[in-house]
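A.B. asks: When you get a sec, could you give me coordinates for this:
(one chain, ligands or ions: 1)
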Amino acid sequence: MAAKLTPDKRSAALASLHGWVEVDGRDAITRVFKFRNFSEAWGFMSRAALVAEGMDHHPEWTNVYSKVEVTLSTHDAGGVTELDIKLARAMDEIAA
Ligand code: HBI
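C.D. replies: Next up is the predicted model:
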């Protein structure tokens, strides 16, 4: 099982991602993705879902029309692990 990142390692990992920030009061990271329309938002979620399923690591996310809000944390570890950073990076690449 992946271990939680130390605060320093979590901050360093965040610096390598695009637009992700720590969640206040919770060991988790979050980013808002804005797309041109619902269809593009849904396409992003479809592609990201396949990556998550392949990793057996799943996001907490909401979608309202062209906006997707994603929060990542590793439930089994009780905080942010390398798995969350890896999934966040994959999402950044899909949305680029
Ligand atoms: N997704 N974010 C997240 N955190 C987990 O701990 C997790 C998961 N997806 C599947 C999963 N764990 C499995 O390994 C079982 O623990 C459910």
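A.B. asks: Run through the helices of this protein in chain order.
C.D. replies: Secondary structure of the chain by DSSP state H: the helices cover 7-15, 38-55, 82-95.
A.B. asks: Distance of residue 4 relative to the ligand?
C.D. replies: The span separating residue 4 from the ligand equals 11 Å under the rule C-beta to the nearest ligand atom, to the nearest Å. C-beta coordinates here come from the backbone N, C-alpha and C atoms, glycine included.
A.B. asks: typo on my end, residue 44
C.D. replies: Taking C-beta to the nearest ligand atom as the criterion, residue 44 is separated from the ligand by 18 Å.
A.B. asks: I'd say that residue and residue 93 touch.
C.D. replies: No - shown here, residue 44 and residue 93 do not form a contact pair, counting by C-beta atoms under 8 Å, at 10.9 Å.
A.B. asks: Compare the two (neighbour count), which wins?
C.D. replies: Between residue 44 and residue 93, residue 44 has the larger neighbour count (other C-beta atoms under 10 Å), namely 18 against 12.
A.B. asks: Quick check: residues of the protein near the ligand?
C.D. replies: Residues of the chain lying close to the ligand by C-beta under 6 Å from any ligand atom are 56-58, 74-76.
A.B. asks: Pick the most deeply packed of the helices of the chain.
C.D. replies: Burial of the helices of the chain is given as mean neighbour count (mean count of other C-beta atoms under 10 Å); helix 82-95 ranks first at a mean of 19.
A.B. asks: avg pLDDT for that one?
C.D. replies: For helix 82-95, mean pLDDT rounds to 98.
A.B. asks: Give me the contacts around that helix.
C.D. replies: Applying C-beta atoms under 8 Å, 6 or more residues apart in numbering, the set of residues contacting helix 82-95 from outside is 2, 5, 13, 16-20, 28-29, 31, 33, 35, 44, 47-48, 51-52, 55, 57, 59, 70, 72-74.
A.B. asks: quick check: angle from it to helix 38-55?
C.D. replies: Taking axes from the mean of the first three to the mean of the last three C-alpha atoms, to 10 degrees, one finds helix 82-95 and helix 38-55 inclined to each other by 150 degrees.
A.B. asks: Low-confidence stretches in the protein?
C.D. replies: For the chain, no stretch is flagged by pLDDT under 70.
A.B. asks: Good, we can wrap up now.
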